[in-house]
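A.B. asks: got a sequence here, can you build the structure:
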Amino acid sequence: MQDKRAREILFQTFWKNGWIRDADRHISPDDFAYAKRMGYMFDPIELSHDQAVSQLTEERERADLTALSEAFLASLGSRHLDLRSALGSYAFAANFPRHAIATSPATVVPSGARRCEWCGFYEHPAPAKFDLNVLNFERYKWGGVRRDNPVYAWLDLSLFRLEPLQKPTATDKQLMHRILKTARSMEPDATVSNLEKALAGTFSSSKGERRVLIEILAVCGVLQPRGRSGYFGEFTFAYEREHTGQHLNDWAYPAIWWRGSDGVSETALAAYFPTL
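C.D. replies: Numbers count the residues shown, from 1 in each chain. Just a heads-up that it's a prediction; the model follows:
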């Protein structure tokens, strides 16, 4: 359920014409209590790797793909970006492997934490505290950013489950068809940055929102780069998510590798959007 005051409290904590620096973030106890009561803000939580894996896989089993798909489509008209996000989290989690940090390959980083090579989670000597509030802010602001973060995917799916079901209109579906038509019409060497620009005006959105939408469709396999692994029918381990090496290219995997010649995967489209 949307609550304007709680949403404003969340936004004002992190954003004012850009990100507010950590040292400058302030929130009154009363405001925090209200936003927490309304489900927009949370106390920090401690999570180990194995707890995060368990909670994400449990949420995956509870998820309703039809509800996720319809919420995504409905968001194209409503711009309820928090509800758009969940389909991407489900796509990331769909083939997420159950695994334990003790038996999974890991790399020790300078801080002493162990980075799981399968899911990318950093396991600290003592369970790390996670600020769920910044994750929820990103969820409302852009539709999520940390698409391959197990903690974000768990939070996203668990919050989505509390929301009323959304039904897309014929107009919403037409917007999706326009997005897909644009993707199919791109020049063979077009990149996702070119696609983002081409989508401007296709539906009501900011640049950041269009980027996130493209990344969600890539995780779903709808915009799947040929010759690269993804998340549709498989899971790409953290160590397999290659970057182009372009220093200024901050697109997420696998969207970063999509080209116009890849077009749209009709198989993935039918799986995630059967009502189109």
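
A.B. asks: apart from its chain neighbours, what residue comes closest to Ala238?
C.D. replies: Residue nearest to Ala238 in three dimensions, not counting chain neighbours: Gly120, with 3.6 Å by Cβ to Cβ, 6 or more residues apart in numbering. In short, each C-beta sits where N, CA and C put it, glycine included.

A.B. asks: count of residues packed around that neighbour?
C.D. replies: A count of nearby residues for Gly120, using other Cβ atoms under 10 Å, gives 15.

A.B. asks: report the secondary structure state of it.
C.D. replies: coil (DSSP: H, G, I helix; E, B strand; the rest coil).

A.B. asks: can you give me the distance of it to Leu276?
C.D. replies: Counting by Cβ to Cβ, to the nearest Å, the separation of Gly120 from Leu276 is 32 Å.

A.B. asks: pLDDT score for the residue nearest to Ala238?
C.D. replies: Gly120 carries a pLDDT value of 95.

A.B. asks: and if you look at Pro164?
C.D. replies: At Pro164, the pLDDT value in this model is 94.

A.B. asks: what's the answer for Asp31, then?
C.D. replies: pLDDT, read off for Asp31, is 97.

A.B. asks: where's it relative to Leu248, distance?
C.D. replies: In terms of Cβ to Cβ, Asp31 sits 37 Å off from Leu248.

A.B. asks: again with Asn95
C.D. replies: 31 Å.

A.B. asks: quick one: strands adjacent to the least confident helix or strand in the chain by mean pLDDT?
C.D. replies: Across the helices and strands of the chain, mean confidence by mean pLDDT, DSSP states H and E is lowest for strand 128-130: a mean of 87. Sheet pairing of strand 128-130 (DSSP bridges) gives strand 45-47 (antiparallel).

A.B. asks: flag every buried residue along stretch 84-93.
C.D. replies: 84-93 (16 or more other Cβ atoms under 10 Å).
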